[in-house]
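Enquirer: Could you look at this predicted model? Sequence included:
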Amino acid sequence: MRPSFSFPYVLSSWKVFLTQRAQSTQRRKTPTRENGARGIRREKITAIRCQSSAAPSKGRHRRGSRCVPRSRGGLDGKRRSSGVKPLLQEEQSCLCYAFCMTAKILDGLKIRDEIFAELKIEVAQLAAQGVRPGLAAVLVGENPASQMYVKSKVAACEQLGMASWLHTPPANATTEYMLQLVDDLNRDDHVDGILVQLPLPGQIDSKRVLEAVSPAKDVDGFHPVSMGMLVSNRPGLVACTPAGCMEILRRNKVTVEGANAVVLGRSDIVGKPMALLLLHANATVTICHSKSRELPEIIRRADILVAAIGRAGFVQADWIKAGAAVIDVGTNKVSEAGEAERLLKNFPARLEKFRAKGSVLIGDVHPDAVSTAGALTPVPGGVGPMTITMLMSNTVKAAKQRRGVRK
Ligand code: NAP
């Protein structure tokens, strides 16, 4: 049948065409969080041209530039009301904040590879002197996550040419059994580091077991003696996760001295040692916890933020000072679809992966912080790989200290 091109038909087609074109133009012009200022997916943006005629710099904004919105009620408004001056003149005039700032990614995997390469050389040099650093791991019961962690620690030892031993007491092991095992490992001269994988089953007194580990072999840095050495800024074995965070800052040349650092979380294994390390590096440190008031205001003053609270996406993007360095220690498994959609609405590729897998790892910092922070550790792939790396580093350090090797 031949199509009819009557006048009413042509008119209505023309109207439909005009409406669709207007909508599509509007979509392109309106910068939404989903499409960015030029219809580019946010995840792909590294640099775009500023849309503001009032912006003082008319060139392309590069990664980490500090544009903040003038018209949004977010950061800028709050800064003004709190009386804190904007960081840069540019902040007062640029309108393109949400779309032109993408944090530098602080890649933990890359640093892990660098440190592994250095450790490999060191282990080979020690071997030439007849010293083979060795780690004894104790894994009680059959917790799958713990099994996986211990397996990767043993594999890392093998990769570096270090010795390793795995002890696997049954899930019903007693505190006395564990104390005896730790005592045997303390006496074993081949063992430089002892790692007791946590959590231990409820019937075991974890504190007593950890305190039984010789401080000279305390490669986890959990012993009160190790903590005391850290408090008084004396050389010793430092808890691996905070030590790894410091390496991330150091190797990315983030200035710590004089910086306002906020540590969110005060656990013995992350928050407290992290705050001490930052303090010894001459930062001005604020420690926050579940009873802290006005967290957003405190966090907004941070040049360096370390988040370690175990709450997925807790720290909102607009709590972060423009350009701040953000170390996200949190590793939270999110399996609820609504939560994943809320957290990843600007990251369609990650959301797709969630849908395929049924879960996703999210840090304590909202993923949107990539738009406000100057530098950010990804989750996964940021702090996580550093923890195991520093465990290896501590084992080599313990071997050298215990055996009196100087270099
Ligand atoms: P933790 O022992 O449970 O301590 C959590 C800390 O966060 C506590 O100090 C708690 O305050 C604080 N906190 C909880 N909710 C809060 C809130 N709403 N506002 C402010 N502070 C809050 O945890 P952790 O062992 O330090 O671990 C923290 C996170 O880091 C977890 O996600 C964990 O999985 C992750 N982690 C990752 C690695 C790694 O290798 N990537 C290593 C270790 C830990 P209170 O003291 O007042 O209760």
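Expert: Arrived safely.
Enquirer: how about the nearest residue to the residue nearest the centre of the chain, chain neighbours excluded?
Expert: The centre of the chain sits closest to residue 328, judged by Cα atoms, centre = their mean, with a distance of 2.9 Å. Spatial nearest neighbour of residue 328, chain neighbours left out: residue 363 (3.6 Å); criterion: Cβ to Cβ, 6 or more residues apart in numbering. Using the backbone N, CA and C atoms, a C-beta is placed for each residue, glycine as well.
Enquirer: The one you found is in contact with residue 332, isn't it?
Expert: Yes: with contact defined as Cβ atoms under 8 Å, residue 363 reaches residue 332; the gap is 7.1 Å.
Enquirer: ok, now how distant is the residue of the stretch 51-200 of the chain found nearest the ligand from residue 362?
Expert: Nearest residue of the stretch 51-200 of the chain to the ligand, counting by Cβ to the nearest ligand atom: residue 108, 8.6 Å away. Per Cβ to Cβ, to the nearest Å, residue 108 is found 16 Å from residue 362.
Enquirer: again, but for residue 279
Expert: 29 Å.
Enquirer: Likewise for residue 375?
Expert: 19 Å.
Enquirer: Kindly report the same for residue 284.
Expert: 29 Å.
Enquirer: Which one of the two is surrounded by more residues?
Expert: Neighbours were counted for residue 284 and for residue 362 using other Cβ atoms under 10 Å; residue 362 has more, 26 against 15.
Enquirer: pLDDT weak spots in the stretch 151-300 of the chain?
Expert: By pLDDT under 70, the stretch 151-300 of the chain contains no weakly predicted segment.
Enquirer: Show me which residues of it are close to the ligand?
Expert: 241, 264-267, 269-271, 288-292 (Cβ under 6 Å from any ligand atom).
Enquirer: Which two among these are spaced furthest apart?
Expert: Farthest pair in those (Cβ to Cβ) is 241 and 291. Separation: 22.7 Å.
Enquirer: So if I had to pick from these two, which one is more boxed in?
Expert: Neighbour tally, residue 241 and residue 291, criterion other Cβ under 10 Å: the higher count belongs to residue 241, 25 against 6.
Enquirer: Write the ChimeraX selection for whichever of the residues of the stretch 151-300 of the chain next to the ligand are buried.
Expert: A single ChimeraX command suffices to select whichever of those are buried according to 16 or more other Cβ atoms under 10 Å:
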select :241,264,265,266,267,269,270,271,288
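Enquirer: and the residues of the stretch 151-300 of the chain next to the ligand, which of them are in strands?
Expert: Applying DSSP state E to those, the entries found in strands are 264, 288.
Enquirer: from the residues of the stretch 151-300 of the chain next to the ligand, which is closest to residue 298?
Expert: Nearest to residue 298 among these: residue 288, at 6.0 Å, using Cβ to Cβ.
Enquirer: Once you drop chain neighbours, what's closest to the closest one?
Expert: Residue 288's closest residue in space is residue 264 (Cβ to Cβ, 6+ apart), at 4.9 Å.
Enquirer: isn't that neighbour right up against residue 290?
Expert: No: assessed by Cβ under 8 Å, residue 264 is found out of contact with residue 290, at 10.0 Å.
Enquirer: Where do the helices of the stretch 201-350 of the chain begin and end?
Expert: 206-212, 224-231, 240-251, 271-280, 295-300, 337-343, 348-357 (DSSP state H, counting those that start in this stretch).
Enquirer: for the fifth one, which positions count as buried?
Expert: With burial defined by 16+ other Cβ under 10 Å, the residues of helix 295-300 counted as buried are 295, 298-300.
Enquirer: Nothing else from me, thank you.
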